[in-house]
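K.L.:
Fold the following, please.
(chains A and B)
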Amino acid sequence: MISTFARSLSEFCIRHRVWVSILIFVSTLLMALTLLKIDVRTVFSDMVPSNHEYVDVHESYKDTFGGTNKVSILVQAREGDILTGPILEEVHRITRELAKVRGVNPFQVVSLASRKLKSVSASSMGIESVPLMWPDVPQTQAGIESLREAIINNPLVYGIYVEPDLSSTLIQMDFYDHLVDYSRIFPQVQAILDASPIADMVTHHVVGEPVLYGWVDFYLDETVMIALLSLGAMLFALFLLNRTWRGTLLPLLSGVVSTIWALGIGVLLGFNFDPLVIVVAFIITARCFSHAVQLITRFDDLCDGEGVQPRKAAEQTMKELFRPGLLGLVSDAGAILCVVLTPIPLLQKVSIIGAIWVMTIGFSAMILTPVMLSWVKAPLRNAHPLNLRFLLTAVLSLAVKVVETRARFVVLPVTLVLVSGLVFKATDLTIGDATTGSPILWEDSDFNRDSALINANYPGTEQMFIVLEGEEQDALKRPDVLAWMQGFQRRMERLPQVGGSVSLADIVVDVRRNLYEGNPRYGELGATQIENGELISFYMQGAAPDDLAQFADPLFQNGSVILFFRDRQGETLRQATYQIGRYIDENPLEGVSVRLAGGSLGIIAAVNEILLSDQIEAIALALLVVILCCLGVYRSSASGIFFIVPVLISNVVTFAFMAWQGIGMSISTLPVVALGIGLGVDYAFYIVDSVKEYLEKDPEADPMDAIRQSLFSAGRGVLLTSVTLAAGVLLWSLSSLRFQAEMGTLIGLWLLVSAFTSLFVMPSLVRVLKPKFIFGDRPQTAESDHRTERLAQSTH
Amino acid sequence: MVAKVMRVAAQLAPWAIVGGLAYAAAFIRPSVEPLPLPQPLNEPRDLFYDVSVSDSGHYWFAGNNGLVLEAGKTLENWRRHEMPEVVNLQGIASADNGTVVAVGNAGWTFRKHRDEEWKSLQLPVSEIAGKLIKLAWIDGHFWAIGEMGAIFRSDHRAEEWEKLSIEGDVALNDITRAISGDLWITAEFGTLYHSRDGGRSWDSVELGQESLRSVEFYGDQGIIVGNGGVIFQSLDSGATWQPVSSPTNEHLYDVIRDDGRWLATGNGGVLLGSEDGALWELIQPHNFANGYHARLLPSGDGVVVAGQTIGLLSGGDWQVWPDDMVGDI
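P.N.:
The predicted structure follows:
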């Protein structure tokens, strides 16, 4: 049925090639107009998984206990400490200017110069709570000395907002989530710091999620430039190896048409485009190139080898390659569509756009390329004299030799041994981030260096909070609840990556100490709920209503314990959530339930928890799609195992490589892996189907002849595309974004492994196993086997 | 037959792979190798209020949350003792026979004789304010003083305590014995108590309004330090006291005589020194911690300090224990 449809479609398209071309080009033009409204930006909420316990906690309390968009700015004195007039003025200036940054919550700008940080002291009137350095900077040395004393004696400031040796101070800010625009926050903050009048006295260091994605946005131009260079490199390689303009320009044309359609549909659907997933776009464009090159290669074979006229050759090419092409596209689209089940909006968007994009290749490559080829007038004319095809031929000859000789019997066991070893290595793969800094940027990037500096001298830049939900009002004032917080903080601070923690208990303890003339012997909780309530009331005298907002709600029924982490590695977060759960289990609190976990690390922990199962689920479903496609096309589920082989090998190699290179499995790598499955199976489809096509045409043909023909025709296309695309993606390794560079390498590796598996493993499997879905019921005569043996020996 | 089995296996294999992966997706979760998180020797949240040395040469630091940290000569001999009652321990002292006693909130006392287990005893203190603030070993007796004028005395076994409390709502901060054998107690809001009869009766004198935290005698000379950096000096065995100019406004919590000079410490990393007790100046040892320091203890190697951090002050150097320990104490 597929063959009949392919024949009818190819005849129709070539007969009405002008109208088909006009239709495709006009619709492409219309789609291109929608691209004027394309929205390229990172949206953090896109990365937040739905239906996860941690996310529910985060969403319920993020407005008070801490959001995901905090920015920390370290102002460090080049010499001495920060307690000098000019540096304090600088802190004041930055604090004032930060309140003007787009989307900032002005009540959440916290620094020595803000109203939030206070000097708490006892007087005959009770507790006196005075901002440390607000509204003005001390103008005298005595004032500065008083400030120094106030800082040192305030445990909620000293060590948390001011480094213990007083050489630096932190300024923190938070944003309204719905107003966050990373592309604007970063340059605005940077401009404030660049305008420093005392750059010779201080250094500035900035970290935080908005800054990280600001850097990504900062490198957007470079990313686009690398993408264009990469594209150019691939086209150049194609031109060099194909030696024809059609072999170069038609894949480009297909890629452009496909891209415009996919992005246009994305715009119409209201999707934004994250610069981080640009590699996904690149993989799909690579798929498009691959299909176009297969068509052009077959077209050249027909014109060159069999002397078929271009128009007829184009029609025949379309007809012959429709089945493997369609199989590849449906498998690709199906595989990427499986990712839609992952409950993360970013991945769902990538999945939908990816599937649409892949299916557009059906028009841009499978139809448009043969249509354009039908107009070729001089198919044999080379565009340049340099003939490098011998390189391709040498590799393909080697592949043929492996199948012809007894080496084919060694291929399967050797592959099994290698894959087993790589599976072992792949088990080291880290779920979540595998590095201490951000894996998006290089270790020596400004951001990661700043992050390391702050984490070395402060409790930590990354935050997670847990929530205590009481059944009654004022539950948080109960001594046992506050003591639970203290015990919990002590336990969690034993974790090497937890730099510190804060809670309402810390405030109560500090207020009590101050109430007793600042005597540290009285730094302890009140003995009763009433006493703790009074201590909190003392603190609130003269304080702003929201001063305790990050620790407790106004009724003191629900509160938080905020943990500071020095990194966000997958292992760190798993260990932390495990230890939190363990402490909760070991120390039950009557009338209070403890829930984890909010804050930026709560969200990342949630993502990490679902990532592995979703990754395996995506692979399983993608393989199911491949099997169902094989079942539909070849009417054999056994064919599925055949095409799963290259997919599994590619997967294992890639995971082993990620483990070796310390690349963690993250939200960003998941679509790459899902798309890689399509890459793995496409090449196998073309090669195996070509063998089948040959044997269908000539049922009496020697299987080795079919394999040889397949390798030199479809195999050439496979080799050509994989080598040229791999050469292109290697340019990504020059990216200033570590993530882009690693994904580029990953895709390049995937392309090569898939291609070489299809060229060196699959043909041997075909010849050794002689699957029925390829060879049908034809008897394997002794003569044919003998002839094969002779052929094999003659190649020695 | 084999071919038939192989064919069936080939038909089933893809489904088996997908099924296996589906099972893995449903049931395999990222594993974590749980860290045991054993109790470390010291924690960042540990705070200390007193230090004593026993006849074995070990130092005993009393701290919050019922913590006593025993510091042996080498790090291997350090031990963390957690009392059966989780109360803040304010004072600690050692008897000549090796008994170590710690006192703390709510009248709790904890005693340990050499390798025996800790034994606890709660003294009859006020329910409103029952903190025992200071414990001293004086003339064969443990003396425990604290809030609400609490004064208790015990022999070296610390099993039975005699109540010698002063009437009134006053927190007693430090007790010492002058060379004459008289007892002196510094108290809050500028009150100084004096007993000539071994604690049976007490006279008081007011030295300003600031709470007096510590008193120490060296011969006829006595020094008192207190809140707001106040310093008083007596050159006549405590008969009269004169205020002395202080270089700090920080609260001072302890004063000692060490190696021919007076040393005082308190909040905000402040450390004062004086040769004669009259002229005081700030001392800034290298890397001295900024937090509070509650107690100074002269030792052969320098001065052992208990506070937000613990360590050894030797010459101009500050060594944080146990982090900076190099070799033996």
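K.L.:
CA atoms for contacts and neighbours, from now on please.
P.N.:
Fine.
K.L.:
Name all residues that make contact with residue B:298.
P.N.:
Going by Cα atoms under 8 Å, 6 or more residues apart in numbering or on different chains, residue B:298 touches B:256, B:257, B:258, B:304.
K.L.:
What is the lowest-pLDDT residue among those?
P.N.:
Among the contacts of residue B:298, residue B:258 carries the weakest pLDDT, at 92.
K.L.:
Roughly how far does the residue most central in space within chain A sit from residue A:569?
P.N.:
Central residue of chain A (Cα atoms, centre = their mean): residue A:668, 1.0 Å from the mean position. Counting by Cα to Cα, to the nearest Å, the separation of residue A:668 from residue A:569 is 15 Å.
K.L.:
Check residue B:188 too.
P.N.:
Residue B:188 is 51 Å from residue A:569, by Cα to Cα.
K.L.:
Looking at these two now, which is surrounded by more residues?
P.N.:
residue A:569 (26 against 20; other Cα atoms under 10 Å in any protein chain shown).
K.L.:
Report the separation between the closest residue to that one other than its chain neighbours and chain B.
P.N.:
Excluding the flanking residues, the one nearest residue A:569 by Cα to Cα, 6 or more residues apart in numbering or on different chains is residue A:433, at 4.5 Å. Using Cα to the nearest Cα, to the nearest Å, residue A:433 is found at 13 Å from chain B.
K.L.:
now do residue A:370
P.N.:
34 Å.
K.L.:
hang on, that residue in a strand?
P.N.:
No. Residue A:370 is assigned helix when assessed by DSSP: H, G, I helix; E, B strand; the rest coil, not a strand.
K.L.:
In contact with the residue nearest to it when sequence neighbours are not counted, which residues are there?
P.N.:
Spatially, and ignoring its direct neighbours in sequence, residue A:370 is nearest to residue A:314 (5.0 Å; Cα to Cα, 6+ apart). Shown in contact with residue A:314 (Cα under 8 Å, 6+ apart): A:14, A:299, A:370, A:371, A:373, A:374.
K.L.:
redo that, cut-off 10 Å
P.N.:
Shown in contact with residue A:314 (Cα atoms under 10 Å, 6 or more residues apart in numbering or on different chains): A:10-11, A:14, A:295-296, A:298-300, A:302-303, A:308, A:320, A:369-376.
K.L.:
And residue A:66, by the same measure?
P.N.:
Counting by Cα under 10 Å, 6+ apart, residue A:66 has contacts A:58, A:108, A:174-175, A:463-465, A:549-551, A:560, A:562, A:598-600.
K.L.:
Any regions of the stretch 651-796 of chain A where pLDDT drops low?
P.N.:
Applying pLDDT under 70 to the stretch 651-796 of chain A flags residues A:674, A:677-680, A:777-796.
K.L.:
With the stretch 351-500 of chain A instead?
P.N.:
Checking the stretch 351-500 of chain A against pLDDT under 70 turns up A:378-380.
K.L.:
tell me the SS of the spatially closest residue to residue B:263 that is not a sequence neighbour?
P.N.:
Closest residue in space to residue B:263, ignoring its immediate chain neighbours: residue B:273 at 4.6 Å, by Cα to Cα, 6+ apart. The assignment at residue B:273 comes out as strand when based on three-state DSSP.
K.L.:
Does residue B:273 touch residue B:248 like I think?
P.N.:
No. Taking contacts as Cα atoms under 10 Å, residue B:273 lies outside contact range of residue B:248: 11.7 Å.
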